[in-house]
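Q: got a predicted structure here, sequence first:
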Amino acid sequence: MKRIRITHVTEYHYHEPVTFGVHRALLRPREGHDLHIESSRLKIEPNADVRWLRDVYGNSIALITFTEPARKMRIFSEVNVDLYYDVPIDCVVDPIAHSYPFQYEANEQVEIIPYRLPSYPHDGPALREWLRDLYSPGDLVNTSELLNKLNTRIHEAFQYVRREEPGVQLPCQTLGLGTGSCRDFAVFMMEAARHWGFGARFVTGYIQMGEGQHGATHAWTEIYIPGAGWRGFDPTNNKLAGDEHVSVAVAREHDKASPLSGSWQGPADAWDRLEVSVQVVAL
């Protein structure tokens with residue numbers, strides 16, 4: 001077992017007081033057999049009412065309703081989590097899925113259908129052409145090796161860039177530019193896996209960095225493998241999601257897993273700046 005502390009502070013600054021609409025925050029990690037929340041704190045400025053709910057994906061969402069205008073909105077989240085080791089993929093894959101291609105069992109096919117449908121069908125031809133070097137239709141290959149090769153290929157083929165713009169690049173844009181952020185790579189791998197027939201979904205959360213580094217918000221891909229369940233692949237770092245990854249939200253589309261979304265009302269020139277600080281440290 002490993003315990004880490006995640007401190008996430010988001011501040012929006014304005015030149016004059018503005019009115020805030022309801023905000024939707026995804027800050028609380030997804031609990032389960034591999035993660036337990038030991039303690040948590042949430043502080044919000046200005047005064048606000050908070051209501052918690054779970055969405056259709058089981059994500060824990062804080063709905064924040066502000067009760068007064070302000071020049072600054074600040075959301076402080078601190079969570080201590082216990083992480084538990086999970087067995088390697090190869091040890092638990094169902095025999096029917098050891099080799100690709102395979103068919104999902106009938107009792108799983110209905111639930112997995114939405115995650116197998118491409119989100120960007122118009123990018124399909126370009127994506128399939130790019131995938132041709134990794135797999136030729138008709139071949140029989142080891143499933144885990146194929147997905148690891150895809151993870152590595154994305155890491156090696158594209159250059160990581162930090163992007164502050166909201167949203168993600170289309171897969172064809174990532175192909176054309178040869179660069180992208182972690183969320184762009186996560187979307188690219190998700191779409192690539194879907195074109196091979198896998199169920200795949202987008203994940204946002206946190207990652208613990210190396211010694212002396214603070215950590216960061218992060219995005220990666222989860223792929224559903226019979227027997228192993230949803231398994232995380234991190235093409236940005238060319239690794240499987242492990243005990244340094246903390247999942248906060250999963251969704252079929254990236255915009256459903258945005259850490260913070262909402263609106264404000266005021267003069268068009270009232271906006272000043274955004275400041276975000278994230279620390280992920282071992283305890």
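A: That came in fine, so what should we check first?
Q: neighbours of Arg128, how many?
A: Residues near Arg128, counting by other CB atoms under 10 Å, number 13. C-betas here are computed from N, CA, C, even on glycine.
Q: quick one: it is in a helix?
A: Yes. Counting by DSSP: H, G, I helix; E, B strand; the rest coil, Arg128 is found in a helix.
Q: identify the residues contacting it.
A: Shown in contact with Arg128 (CB atoms under 8 Å, 6 or more residues apart in numbering): His195.
Q: and it, how close does it get to Glu31?
A: Computed with CB to CB, to the nearest Å, the distance linking Arg128 and Glu31 is 38 Å.
Q: ditto for Lys239
A: Lys239 is 23 Å from Glu31, by CB to CB.
Q: just want to know which of these two has more residues nearby.
A: More neighbours surround Lys239 than the other of Lys239 and Glu31, with 17 against 14 (other CB under 10 Å).
Q: show me the contacts for the closest residue to the more buried one other than its chain neighbours.
A: The spatially closest residue to Lys239, leaving aside those adjacent along the chain, is Asn151, at 7.8 Å (CB to CB, 6 or more residues apart in numbering). Applying CB under 8 Å, 6+ apart to Asn151 gives the contacts Met189, Phe233, Asp234, Pro235, Asn238, Lys239, Leu240.
Q: can you name the residues bridging to the closest residue to Leu27 other than its chain neighbours?
A: Using CB to CB, 6+ apart and skipping the chain neighbours, the partner closest in space to Leu27 is Ser77 (4.3 Å). Going by DSSP bridges, Ser77 is paired in beta bridges with His8, Leu42.
Q: for Val246, same thing?
A: Tyr206.
Q: would you confirm that it contacts Val280?
A: Yes. Between Val246 and Val280 there is a contact under CB atoms under 8 Å: 7.4 Å.
Q: higher neighbour count, those two?
A: For Val246 versus Val280, neighbours defined as other CB under 10 Å are more numerous around Val280 (24 against 21).
Q: wait, is that one part of a strand?
A: Yes. Val280: assigned to a strand according to three-state DSSP.
Q: and it, how far from Ser258?
A: Taking CB to CB, one finds Val280 at 19 Å from Ser258.
Q: and what of Ile6?
A: 17 Å.
Q: before we move on, what about Leu274?
A: Note on Leu274: its distance to Ser258, by CB to CB, is 14 Å.
Q: those two: who's more crowded?
A: Ser258 (17 against 11).
Q: can you check the pLDDT for the more buried one?
A: Here, the pLDDT recorded for Ser258 equals 90.
Q: so it makes contact with His23?
A: No. The pair Ser258 / His23 is not scored as a contact, 10.8 Å apart, by CB under 8 Å.
Q: so what does Leu117 have for phi and psi?
A: phi -80, psi 130 (degrees, to the nearest 10).
Q: hmm, it is touching Arg194, no?
A: Yes. In this structure Leu117 lies within contact range of Arg194 using CB under 8 Å: 6.9 Å.
Q: okay, those two: which has more neighbours?
A: Set side by side, Leu117 and Arg194 show more neighbours around Arg194, with 23 against 10, by other CB under 10 Å.
Q: on the three-state scheme, the more buried one is what?
A: Following three-state DSSP, the label given to Arg194 is helix.
Q: identify the residues contacting it.
A: Tyr115, Arg116, Leu117, Pro118, Ser119, Ala200.
Q: okay, now stretch 21-32: how far is its last residue from its first?
A: 32 Å (CA to CA, to the nearest Å).
Q: before we move on, back to that, now the strand or helix carrying the residue nearest to Lys239: how far from the chain's centre is it?
A: Here Asn151, judged by DSSP states H and E, is contained in helix 143-157. On the basis of CA atoms, centre = their mean, to the nearest Å, helix 143-157 is displaced by 18 Å from the centre of the chain it belongs to.
Q: in it, which residues are buried?
A: For helix 143-157, the neighbour count (16 or more other CB atoms under 10 Å) marks Thr143, Ser144, Leu146, Leu147, Asn148, Leu150, Asn151, Arg153, Ile154, His155 as buried.
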